[in-house]
Structures are given as C-alpha cells and as structure tokens.
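turn this into a structure:
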Amino acid sequence: MSTWLSEREQRLVAGAEAASAATPIPTQIVSNGEYLPPPQSAVQKKVEARINELADVNGKHLGLSRRQFLHTSCGMAAAFLAMNDVYGNVFQVAPAEAREPELMLARAQGLSSQFIFDVQTHFVRDDFDHKELLGLADFASQHWNPKMKEEGVSSLGRYKFQNYVKEIYYDSDTNVALLSGAPFDDPSWWLLSNEQIVKARELINDFAGSRRLLAHSVITPKQPGWMEEVDKAIEVYKPDSWKSYTIGDPLAPSKFPWRLDDEQVMYPFYEKAVKAGINTLCIHKGLLPPDYEKSFAGVWEYATAWDIGKAAKDWPQMNFVIYHSALRAFLELPDKAWAEFEQTGRIQWATDLAEIPQKFGVTNVYAELGTSFANSAVAHPKFCAALVGTLIKGMGVDHVMWGTDSVWYGSPQWQIEALRRLEIPEDMQKKYGFAPLGDANSATKQQIFSGNALRFYKIKLKAAENTRMPTFSEDRLAALKNEYAQAAMQPSNLRYGYVRAA
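Just a heads-up that it's a prediction; the model follows:
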C-alpha cells in the first residue's frame, strides 16, 4: 500500500518521539513512513497551544500534571473547549466540565440509557495476515483517535474477534452492531467469509442472550458463482441485509466493477432479494484517494453516486443504504474539502447523494456515516458539521444512519462523543439552511444513533418512553460491562476524572 520515504525525505523529518506530547485530539501529523508528513499547520499549533493552556490551569486545580490531566475525561472536555476557541462553537461543552470530574460522571450517567446502533463494524478472521491493513490504525491514531497509540497499532490482533468484542461492547456505549465484510479481487484479502460473519452473529447473540449482533452477506456481482452464493445466503445464512462494493475492490482497481442500475446483472438479484424478504442492500461508495483519477483510472466512477437514482426508482421495494455517504475523501485531512465547500456549497459525491431523493422522487435511499464522520469529527469539525447538515437537508434526518467502521479506528466511543457534542454553528445554519442538531440526546441525534436503524431492522423497544429495551440492559453482556466499569467509578478515580467523556 504505497512506498516508504526516500533517503532525501527521511532527512526532512524528525522521529515521532520529537512530536509534541499526546493530546486527546491530534494536533500534528505523524507519518507511518509511507508518506511525507506536512509541517504542523498554524491552526494545529493554535489548537495544541490552547489545549496545553487549559490543561495547565485545570490540571493544577485537580492536582494533576499536564500529562495526567490530558489522560482524563476532563482533559477530553478541555480539548473540545480548545477546538471551539479555534474553530468557533462547533462542540457543546461547558468550561466547568474541564475542572469538575463529577460533571463528567453525571453526564455519562445521564446518557447511559441512550441507545446506540452501529450499522457498520468490522473484524478480520484469525488467519488474516495482511499487515498493510494496519495503515488504517496508524493514520487514525495520528489524526483521529490518539488513544490508539497507547494501545499499540503494530499487531493485527487489534482487528480480530476478541478485541472487536472489547472495543464495541465494553469500551463504547454501542448496544447493537451490524457486522460487515468486504470483497477483494485477491481472495486472501477477504476479511471474513459470509459463513464466518453469520457464525459470529450466532456466537455473540447466544452468549449475550439477546440480539446484539446483526450480519451482512457480501455479494460480488459479475464474479463467477456470485448468484449461487446469493442463493446459499438466502437458504442458509439468512443475513439481516446485503453488502457490496460497486467498485469491486476498495484498495485497488478491480476487474469486476458494476452498476446498481445494470438491468442485466443486478435486477435479477433485486427480484430474489425482495422475494426472500432481505431487501436492504448496503453499498460502499466514495473513499478514494486524492489521485483517484490516476490510481483508479477506468473504475473510479463506480464509487460515485451515478447509478443510485435509477436503481432506487426502478426498485422501490429495495432499500439502498449508501455507506460512507459517498464521501470521496479517504485517509486525508479534510482541509481542501472544506475550502471547496466554502466556495461551492458542495461536498464531492456526498452532495450528489443528498440530492438523489429530490431529483429522482425516491424515498428508499439512505446515507451511512462510517469513516466519513471519523474523517472530520476532530480533524475539521466545521467540515463535519457541513457533511451532516448536507445529508440531513437533502435526505431527511430519518434517512441518515449511524455507523463508525469500527474497529479500524479503535473503540467507536470517541466518535459517539463527538456526535453527542457536535452542533452546526448558527452562521452555517443561516447560510446553508441547515437545521440545528440539538443537544446530546436530541430527537435528531436519537434518530441518527439508533431510531432509523431500529425501525429499519425491525428491532422494537418495549415502550416509547424508554430508550433502552430490558433485554439489552439486563443481558449477559450488560452485566459483564457493568462489572468492567466499576473500577472507573471508584472514588480514587473519580477525583482524577477517570470516567469516559460523554
């Protein structure tokens, strides 16, 4: 996956140990050796300096050093405050949260019944051995989730089943997850087989005693035997929905790109899916590198929204969930995309997706936030607000679904916390006609976090006034998670704010 730095480039950089001290939110790009990192920007310097200022003041109040303070939930609150100081009021956070651990605990407890349904998660099979995949962890640890650096990003073990269960069900507030997969032209790159995905669903749900994990079956149109695999999935695997990639292979130009509106290839599949009652197709779109016209020459258009409208109009019985919201950007900071948005009011390919319902008169197209939200949540919160605002404005809040693409980027908790605090600034609301997102538990955020997916996958809560179904709060996973959390609630830890920020 790319080349290493040349000798000349190595002379232009310092070792990562020379970077500034780790902050809850990354403020400096550190390369994994596969690309030449740009110097720390002026904005990054401002954010870092303000975080350190707040850490010194509030850490002293709590009797902590700067380093100790930045490891606490109060330190995370201070980072959100610093981001607001630099970017404007994008995150909802009070200054008192940076110095009063009890407030952080009260906030976490107040949100404990908020239901979170993550519709895109991943892990890899035990014998998966492509260490190139660790480039995702390395980039995320430098730009989005610094905690991953402490946990280590050098072993594929962090992407396997045991760590998946820990990070999804114990280290985050996620209640229900949908396990996905991905196809590659090289079979050795497949993350999980369809059989392994449904076996994981069975294992988790049998252990928990409730429906904690849903499963995809991956389809590979145009590849030999793909319709036979569809028949087997309908008969044997009984997936909760389908997953596929119109671009064929997410990491390299594929021999098997295809279109959603190909009447010869796809319409017979839709007929089978509708007849079987498995009428949701989740489609990977977007996520191509900046040089996509060259590096994905001949196939890049298959990752755009060009084929969604006609397919959705021709097949109203099918639901088309567009993963990543078709956002073009992948493993890059969104500064350029923000500049383009300020100039044009558009976001590459995501705006095209948001315009489909009106252009084609359809209501069966949905946007999912996996990776696209992570791409900007802390790296450029104004762009993140623009993305979420664009999707809601064009598609309706009832057509936007929460997904994190975990565990590629560590526990999804940091993304959950970012959406809870995110607000579209008033000037952007007025200029672009965006609706406000509301507080951490607003109706808008409840719909995105779970309401839409619960309806979609026919999971009913016991009562309208409750946000948590007893089977999820009282099953075996919940009991073990409660034990797991007890240490964080000890008085000695509360003094230092060692409770997860919310």
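
switch to C-alpha atoms for all contacts and neighbour counts from now on
Fine.

where does this structure dip in pLDDT?
Applying pLDDT under 70 to the chain picks out residues 1-22, 26-41, 133-154, 462-470, 486-502.

residue ranges for the strands of it, please.
117-121, 176-179, 213-218, 241-245, 280-284, 319-323, 365-368, 400-401 (DSSP state E).

against which helices or strands is the fourth one packed?
It refers to strand 241-245. On a contact count with 3 or more C-alpha pairs under 8 Å, 6 or more residues apart in numbering; DSSP states H and E, strand 241-245 meets strand 213-218, strand 280-284.

pick the most buried one from those.
Here the criterion is mean neighbour count by mean count of other C-alpha atoms under 10 Å, and of those the winner is strand 213-218, at a mean of 26.

what's the angle from that strand to strand 117-121?
If you take axes from the mean of the first three to the mean of the last three C-alpha atoms, to 10 degrees, strand 213-218 sits at 40 degrees to strand 117-121.

pull the CA atoms of strand 213-218 into CSV?
The C-alpha trace of strand 213-218 is given here as CSV (Å, rounded to 0.1, in the frame of the first residue of the first chain):
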residue,chain,number,x,y,z
LEU,A,213,-25.2,-8.5,16.5
LEU,A,214,-26.6,-8.4,13.1
ALA,A,215,-24.9,-9.8,10.0
HIS,A,216,-24.3,-9.0,6.3
SER,A,217,-23.8,-11.3,3.4
VAL,A,218,-21.3,-9.9,0.9
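
give the partner strands of it in its sheet and their orientations.
strand 176-179 (parallel), strand 241-245 (parallel) (DSSP bridges).

is it possible to get a markdown table of the ones you listed that adds mean neighbour count and distance to Leu369?
Converted to a markdown table, those look like this (neighbours: other C-alpha atoms under 10 Å; distance: least, C-alpha to C-alpha, whole Å):
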| stretch | mean neighbour count | distance to Leu369 |
| --- | --- | --- |
| strand 176-179 | 22 | 14 |
| strand 241-245 | 23 | 15 |
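
tabulate the ones you listed (JSON lines), appending distance to Glu342.
As requested, the strands paired with strand 213-218 are exported to JSON lines (distance: least, C-alpha to C-alpha, whole Å):
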{"stretch": "strand 176-179", "distance to Glu342": "35"}
{"stretch": "strand 241-245", "distance to Glu342": "30"}
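
quick one: which of the ones you listed is nearest Leu62?
Closest to Leu62 of the strands paired with strand 213-218, according to C-alpha to C-alpha: strand 176-179, at 36.3 Å.

circling back to that earlier point, closest one to Pro224 among the strands paired with strand 213-218?
It's strand 241-245; of those, that one is closest to Pro224 (C-alpha to C-alpha) at 15.2 Å.

what does that closest one rub up against?
180-183, 215-220, 278-285 (C-alpha atoms under 8 Å, 6 or more residues apart in numbering).

ok, stretch 337-353 next?
Counting by C-alpha under 8 Å, 6+ apart, 286, 304-305, 325-329, 367, 382-383, 387, 390-391, 432 sit against stretch 337-353.

quick one: which of these has the most company?
Ser325 (32 neighbours; other C-alpha atoms under 10 Å).

contacts only, for that residue.
Counted by C-alpha under 8 Å, 6+ apart, Ser325 has contacts Lys285, Gly286, Ala350, Leu353, Ala367, Glu368, Leu369, Gly370, Ser372.

what sits against the closest residue to it other than its chain neighbours?
In space, and not counting its chain neighbours, Ser325 is closest to Ala367: 4.9 Å by C-alpha to C-alpha, 6 or more residues apart in numbering. Neighbouring residues of Ala367 by C-alpha under 8 Å, 6+ apart: Val321, Ile322, Tyr323, His324, Ser325, Leu353, Leu391, Met395, His399, Val400, Met401.

just send those back as a markdown table, with distance to Lys294 too.
Converted to a markdown table, the contacts of Ala367 look like this (distance: C-alpha to C-alpha, whole Å):
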| residue | distance to Lys294 |
| --- | --- |
| Val321 | 28 |
| Ile322 | 24 |
| Tyr323 | 23 |
| His324 | 22 |
| Ser325 | 23 |
| Leu353 | 23 |
| Leu391 | 28 |
| Met395 | 31 |
| His399 | 33 |
| Val400 | 31 |
| Met401 | 32 |
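
looking at those, which is nearest Asn482?
Met401 (27.0 Å).

isn't that closest one right up against Ile448?
Yes - with contacts counted by C-alpha atoms under 8 Å, Met401 reaches Ile448, the gap being 5.1 Å.

which one of the two is surrounded by more residues?
With neighbours defined as other C-alpha under 10 Å, Met401 and Ile448 compare such that Met401 has more, 29 against 25.

highest neighbour count among the contacts of Ala367?
For the contacts of Ala367, the largest neighbour count, defined by other C-alpha under 10 Å, is 32 neighbours, found at Ser325.

quick check: that one vs Gln223, distance?
Distance, Ser325 to Gln223, using C-alpha to C-alpha, to the nearest Å: 25 Å.

and what of Lys310?
23 Å.

then His324?
24 Å.

center of the chain, which residue is that?
Centroid check for the chain by C-alpha atoms, centre = their mean gives Thr404 as the closest residue, at 2.1 Å.

phi, psi of the residue nearest to that one when sequence neighbours are not counted?
Distances taken as C-alpha to C-alpha, 6+ apart put Gly370 closest to Thr404, at 4.1 Å, once the chain neighbours are dropped. Backbone geometry at Gly370, expressed as degrees, to the nearest 10, gives phi -50, psi 130.

related to what we said a few turns ago, now, among the contacts of Ala367, which is nearest to Pro290?
His324 (16.2 Å).

re earlier: so the residue nearest to Thr404 touches Ile322, yeah?
No - with contact defined as C-alpha under 8 Å, Gly370 does not count as touching Ile322 (9.9 Å).

the residue nearest to Thr404: how many residues sit nearby?
For Gly370, the number of neighbouring residues by other C-alpha under 10 Å comes to 25.

and Val378, how far is that from Met76?
In terms of C-alpha to C-alpha, Val378 sits 11 Å off from Met76.

and for Arg67?
12 Å.

who's more crowded, the two?
Higher neighbour count among Arg67 and Met76: Met76, with 26 against 16, using other C-alpha under 10 Å.

coming back round to it: mutual contacts of Val378 and Met76, please.
Going by C-alpha under 8 Å, 6+ apart, residues that sit against Val378 and also against Met76 are Ile25.

returning to that earlier point: pull the contacting residues for the residue nearest to the centre of the chain.
Contacts of Thr404 by C-alpha under 8 Å, 6+ apart are Asp118, Val119, Gln120, Thr121, Leu369, Gly370, Thr371, Phe373, Ala374, Pro412, Gln415.

distance from the chain centre to stretch 292-305, please.
22 Å (C-alpha atoms, centre = their mean, to the nearest Å).

then stretch 264-277?
29 Å.
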